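Trainee: Any chance you could fold what I've pasted below:
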Amino acid sequence: MDAVLTRQYRRMEAEVRPYRTGDEQRIVEFLERYTGWPAATVEVPKVDHWRWKFLSSPVGFPLVCIAEGGGEILSHCASMPTLISVDGKEVLASQGVDLCTHPQYRGQGLIGRVMQCRNRMKEERGVALDYGFPNRASYHLSMAKQGFRDLAMEMVQHQFIVDRERFFRKVPLGALKRFGYASLVTLRRSLGPRGRTDLEIEAVERFSADATALYERARDRFDLIARRDADHLNWRYGDLRGGRYLRRAVREDGRLLGYAVHKVEDRDGTVYLDVVDVLVEDGRDDALAALMLDALDTAYRSGAESALCCLPQGHPYGRTLQDLGFVAQPRLTGDMPMRMIWFDRGLADLSLLGRDGLNGHVTLGDTDWV
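Mentor: So this is what the prediction gives:
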């Protein structure tokens, strides 16, 4: 009885407020304890990763709220602000992330209160679009109680098996399937476009103005694409606090035709190479093929079992990946298909997002999973 009264007292006395400078260490400890935060693999102190994620974005402001009482954090929610082009017009958007309530205080409405706090901050900033890539629990909360909608866009994972001996050793009839896969790759490459030898692949230390120009040329090809200017790319992939990435560019006579960003990770003893972002000039399938072959070469040299690239089903890059021997399969978030959900905050014309057959450019780098 005393424990129940104590929890009720703390709930009534909980203060709900935006993030203040100095909260970050306590927030990180709270998220780490109850969610296993962060989902991404980082090589820096976790509090530095938090500061990168929520305080360093080129959009320029945090969207973080907490509930605290009795000297401890009881609930937390946050969003990552970004710019997204919808039908060729950029709008201010935010991706919901890191929702959590202390297990002893769940069911008392705290998460709703911190979300209201965060929504007031969005209203003050003029956020027009909310979106997310939820797990099962967050999906049902967002759809049932917050009015989110599914985007008419299914995500698929394109996989190229690099170490076939190791991969097929773990599956039934592995030797037969290994032979079949090798034959498939050979056939597809024989039917696909011939490789170009006059394109230059180079490492990228920092993205510059030509990356911004590439994005501005490429965005009209897609109904939906997050802004990928040089400032965003350098924040997302060029700051070690956000993770260790390999950044590669393809050029022709000095002109930037595209880039790809890779991340090599050991997950439970198996090494994967994730192509977490890729963008090429419209119509330059040869440049895309050059970037992906370069990624496969990195995967071989890194000892990766597979190379993975997550894109929406029907994406224009899918045919080139297929020609190179990638096999598409549903992308999962835990035990459910990966979904992108959205909510219209009434500040811009987002009607396109409610239509079928959406041509969107979405990669793992648009999420906070890598």
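Trainee: okay, and for the protein, where does confidence drop off?
Mentor: Scanning the chain for pLDDT under 70 picks out 1-12, 192-197.
Trainee: Please tell me I have it right and residue 165 contacts residue 175.
Mentor: No: counting by CB atoms under 8 Å, residue 165 does not reach residue 175; the two are 9.6 Å apart. Every C-beta, even on glycine, is put in place using the N, C-alpha and C of the backbone.
Trainee: So which residues of the protein form helices?
Mentor: Using DSSP state H, the helices of the chain run over 2-13, 24-35, 46-55, 110-125, 136-145, 164-169, 174-191, 209-218, 230-238, 285-302, 318-324.
Trainee: Show me the contact partners of the second one.
Mentor: The one in question is helix 24-35. 19, 37-38, 46-47, 50-51, 55, 64, 66, 72-73, 76, 98, 100, 102-103 (CB atoms under 8 Å, 6 or more residues apart in numbering).
Trainee: Buried ones among those residues?
Mentor: In terms of neighbour count (16 or more other CB atoms under 10 Å), the buried residues within those are 19, 37-38, 46-47, 50-51, 64, 66, 73, 76, 98, 100, 102.
Trainee: excluding its backbone neighbours, what's nearest residue 259?
Mentor: residue 249 (4.7 Å; CB to CB, 6 or more residues apart in numbering).
Trainee: Could you tell me how many residues sit around that neighbour?
Mentor: A count of nearby residues for residue 249, using other CB atoms under 10 Å, gives 21.
Trainee: residues of the lengthiest strand in the chain that come out buried?
Mentor: Assignment by DSSP state E gives strand 72-86 as the longest strand of the chain. Across strand 72-86, burial judged by 16+ other CB under 10 Å covers 73-86.
Trainee: Mind exporting the C-alpha coordinates of that strand to CSV?
Mentor: Extracted in CSV, the C-alpha atoms of strand 72-86 (Å, rounded to 0.1, in the frame of the first residue of the first chain):
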residue,chain,number,x,y,z
GLU,A,72,14.8,11.0,-10.9
ILE,A,73,13.7,11.0,-14.6
LEU,A,74,10.4,9.2,-15.0
SER,A,75,9.7,9.6,-18.7
HIS,A,76,11.4,10.9,-21.8
CYS,A,77,10.5,11.6,-25.5
ALA,A,78,12.4,13.4,-28.2
SER,A,79,12.3,14.2,-31.9
MET,A,80,15.0,14.9,-34.4
PRO,A,81,14.2,18.0,-36.6
THR,A,82,15.0,17.8,-40.3
LEU,A,83,14.0,19.3,-43.7
ILE,A,84,12.1,17.0,-46.0
SER,A,85,11.1,17.7,-49.6
VAL,A,86,7.5,16.7,-50.4
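Trainee: Given that strand, what are its sheet partners and their directions?
Mentor: Here strand 72-86 is paired, per DSSP bridges, with strand 63-69 (antiparallel), strand 89-101 (antiparallel), strand 224-226 (antiparallel).
Trainee: Quick one: residues contacting the residue nearest to residue 259.
Mentor: 201, 202, 203, 204, 256, 258, 259.
Trainee: Tell me the bridge partners for the last one.
Mentor: In other words, residue 259. Here residue 259, judged by DSSP bridges, has bridge partners residue 249, residue 279.
Trainee: does it really touch residue 294, like I thought?
Mentor: No: between residue 259 and residue 294 there is no contact under CB under 8 Å: 10.8 Å.
Trainee: of those two, who's got more company?
Mentor: residue 259 (26 against 19).
Trainee: picking that back up, now the contacts of residue 249: which count as buried?
Mentor: Buried members of the contacts of residue 249, scored by 16+ other CB under 10 Å, are 201, 204, 256, 258, 259.
Trainee: and those as a markdown table, adding distance to residue 332?
Mentor: As requested, the buried ones among the contacts of residue 249 are exported to a markdown table (distance: CB to CB, whole Å):
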| residue | distance to residue 332 |
| --- | --- |
| 201 | 31 |
| 204 | 30 |
| 256 | 34 |
| 258 | 28 |
| 259 | 27 |
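Trainee: Closest one to residue 278 out of the buried residues of strand 72-86, please.
Mentor: Of all the buried residues of strand 72-86, residue 85 has the smallest distance to residue 278: 16.9 Å, by CB to CB.
Trainee: shouldn't that closest one be in contact with residue 219?
Mentor: Yes: with contact defined as CB under 8 Å, residue 85 and residue 219 form a contacting pair (4.9 Å).
Trainee: Need the overlap of contacts for those two.
Mentor: residue 225.
Trainee: Tell me the buried residues in stretch 235-242?
Mentor: Those buried within stretch 235-242 under the rule 16+ other CB under 10 Å are 235, 236, 237, 238, 241, 242.
Trainee: got a list of what residue 36 touches?
Mentor: Shown in contact with residue 36 (CB under 8 Å, 6+ apart): no residues.
Trainee: what do you get for residue 72?
Mentor: 30, 102.
Trainee: which residues does it bridge with?
Mentor: Applying DSSP bridges to residue 72 gives these bridge partners: residue 69.
Trainee: domain parsing for this protein?
Mentor: In terms of domains, the chain is parsed into 2-127, 155-336+352-366 (source: automatic domain parsing).
Trainee: need the ones you listed in TSV with distance to residue 346, can you?
Mentor: Shown next, in TSV, are those (distance: least, CB to CB, whole Å):
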stretch	distance to residue 346
domain 2-127	10
domain 155-336+352-366	13
